[in-house]
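Visitor: After the sequence you'll find the predicted model.
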Amino acid sequence: MDLLSLRYFQSVARHQHISRAAEELRVAQPSVSRTIIRLESELGTPLFDRTGRRIRLNEHGAAFLVRVERALAELEDARREVADAGRGGPGRVAVAAETLLQLARVLSAFRELRPGVRVHLFQAPVGSMRRHLRSGEVDFALASQPLAGPEVCSTELAREEVLLAVPPGHPLAGRERVTVAELADEDFVSTRTGHWQRALLEKLFAREGLTPRAVCEGDEAAATPELIGAGVGIGLMPAVARRALGEDGPVRWLRVDAPDCHRGLTLVWRRNAYLSPAARDFRRLAGERLMPHAS
C-alpha cells in the first residue's frame, strides 16, 4: 500500500467514477482501475460495489476513506509546515463557505495584511464541508449550520436575526410580527435542501407540525429578494439583507415569533491541523471583520 494507491482511491471514492477520477489525476483509466483492484486485493475486501460499469463506495470503503483522508491530510500538513519553515514564503489559505459574498470584508482586510498569500475559495453546502476539512483541502469552513464533532474546533463569529420578507402588496406587509402557524398556507421562495435558509424554514415549520410549501427552490440566494418582490412567494432572509436593501427595497420585513429564528456564522477548522501564520491571521480577521453589525 503506497501513497499513490491511496490518492487514486481517494479520487475514485470522491467521484464514484473511474473515468472522472482518471481525468482529475491526469492518468489513463486502466491505470486507475488496476490500482483500485490491487488495493482491494491487498486489503482482502472490496471497497466498491460494482454494477455493470457503475461503481459505488461500500461501507468498507467509506470507513477506509475516513482514515485515508485523515492520513493524507496529516502528510499535507507536514509538507506545508516544513515548506513554510524552510522557504518563509507567503503560503496559501483555503476556505469553504455556503455563500462567498459574506467573505468580502474579511478578504479585503486579509489581502491588505498579507498581499502575497494565495487565497482559495470553495462554495460548498454544509454537507460537503466536513469532507473538505477532513481531507485538508481547506483550512477553514464558514458554516451557517451546526458543524461539530470531536475532529473539529469552532468559534461563533456572528449571530443575527432572520426575518420574513414579503412583497409590498402582500396582506402581511403592514404587520410587524407573524407566527409560524399563520404562514401555513403561504408559498415560499427558498434555497434547496442542504442550505441554511431551507433547514431553518423546515425546522420552524416542523415544530408546529407543518411542512412549508416551497414553490421556488434554487442555489442563488442573492435572487431571493427580487423573486419575493415580484410576488413569487415569501421567504426567510437574514437581517444583513435588510440593511443592504434598505427600507425602500423590493420587499417588506416582519419579525417571526419563534425563539430561534436566527442565523449563526461559525468558523470551523480541523482539530490539531497545521495552521500557517497566514491562516492564523485569517482566523483573527474573520473574528474582527465578519458582519460587525450582527447581533
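Guide: All right, it came through fine.
Visitor: List the contacts of Thr191.
Guide: Thr191 sits next to 197-198, 217-219, 221, 224 when contact means Cβ atoms under 8 Å, 6 or more residues apart in numbering. C-beta coordinates here come from the backbone N, C-alpha and C atoms, glycine included.
Visitor: one more time with 7 Å, if that's ok
Guide: The contact partners of Thr191, by Cβ atoms under 7 Å, 6 or more residues apart in numbering, come to 197-198, 217-219, 221.
Visitor: Weed out the non-buried ones from those residues.
Guide: 197-198, 221 (16 or more other Cβ atoms under 10 Å).
Visitor: Serialize those to TSV and add fields for secondary structure and distance to His120.
Guide: What follows is the buried ones among the contacts of Thr191, written out as TSV (DSSP: H, G, I helix; E, B strand; the rest coil; distance: Cβ to Cβ, whole Å):
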residue	secondary structure	distance to His120
Gln197	helix	25
Arg198	helix	27
Ala221	helix	22
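Visitor: Of those, which is the nearest to Glu42?
Guide: Arg198 (42.9 Å; Cβ to Cβ).
Visitor: can you tell me which helix in the protein is longest?
Guide: helix 59-87 (DSSP state H).
Visitor: Show the secondary-structure elements that that helix is packed against.
Guide: Judged by 3 or more Cβ pairs under 7 Å, 6 or more residues apart in numbering; DSSP states H and E, helix 59-87 is in contact with helix 3-15, helix 126-134.
Visitor: what's the angle between the helix or strand just after it and helix 59-87?
Guide: Once the chain leaves helix 59-87, the next helix or strand it forms, by DSSP states H and E, is strand 92-97. Relative orientation of strand 92-97 versus helix 59-87 (axes from the mean of the first three to the mean of the last three Cα atoms, to 10 degrees): 140 degrees.
Visitor: Show me the contact partners of strand 92-97.
Guide: Looking at what lies outside strand 92-97 - Cβ under 7 Å, 6+ apart - the contacts are 103, 117-124, 129, 132, 137-142, 278-279, 282.
Visitor: at 8 Å what do you get?
Guide: So strand 92-97 is in contact with 103, 110, 117-124, 128-129, 132-133, 137-143, 276, 278-279, 282, going by Cβ under 8 Å, 6+ apart.
Visitor: Cool, thanks, talk later.
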